[in-house]
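> quick check, what structure comes out for this input:
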Amino acid sequence: MGRSSALRLRSTAVALVASACLVGGVTSVQAAPGGGPKQELVAPEVRTFTGSGTGTSPSQAVDGAVRMGYTIAQSAGWQTNQCHVRATDVRSVGGGVYAAVASLFCQR
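Alright, predicted model coming up:
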């Protein structure tokens, strides 16, 4: 197989994996250039979890929301090291109390 054919095959495999990542699915792509050994590329599984929390300060509310997000992710079978905080939002609800929402992005 020529160099350009191998590059096209590799580009196609990368495009398929990227497409699967965008839709949050898992796919398997096998390529056998020139009849050699098969190479399997697996797209990672991705998921987003949302937790909420309250507190007497913005940071306390965010901490509670993040902890809740990780608790939900772990109960769904995800490990802490597979997730990271993507975004948080906090607002005052009055009386010195704050409410927060945290979004976790998980990938395996």
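
> what's the burial count for the closest residue to residue 55 other than its chain neighbours?
Using C-beta to C-beta, 6 or more residues apart in numbering and skipping residues adjacent in sequence, the residue nearest residue 55 is residue 61, 3.9 Å away. Every C-beta, even on glycine, is put in place using the N, C-alpha and C of the backbone. Residues near residue 61, counting by other C-beta atoms under 10 Å, number 26.

> for residue 61, what is the enclosing helix or strand?
Per DSSP states H and E, residue 61 falls inside helix 58-75.

> show me which residues of that helix are buried.
Residues of helix 58-75 classed as buried: 60-66, 68-70, 73 (neighbour count, 16 or more other C-beta atoms under 10 Å).

> avg pLDDT for it?
Per-region confidence: helix 58-75 scores 98 on mean pLDDT.

> give me the contacts around it.
47, 49-55, 80, 82-83, 85, 88, 90, 98-104, 106 (C-beta atoms under 8 Å, 6 or more residues apart in numbering).

> and residue 87, what are its bridge partners?
Applying DSSP bridges to residue 87 gives these bridge partners: residue 103.

> per-residue pLDDT, it?
With respect to pLDDT, residue 87 has a value of 97.

> and the contacts of helix 58-75, which are buried?
Listed as buried from the contacts of helix 58-75 are 47, 49, 51, 53, 55, 82-83, 88, 90, 98-104, 106; burial here means 16+ other C-beta under 10 Å.

> which ones among those are found in strands?
In this view, these that belong to strands under DSSP state E are 47, 49, 51, 53, 55, 83, 88, 90, 98-104, 106.

> residue contacts, residue 83?
Shown in contact with residue 83 (C-beta under 8 Å, 6+ apart): 49, 69-70, 73, 104-107.

> who's it bridged to?
Taking DSSP bridges as the rule, residue 83 bridges to residue 106.

> relative to residue 62, how far out is it?
Noted for residue 83: a distance of 16 Å to residue 62, by C-beta to C-beta, to the nearest Å.

> low-confidence ranges in this structure?
1-37 (pLDDT under 70).

> go again using 80 as the cut-off
1-39 (pLDDT under 80).
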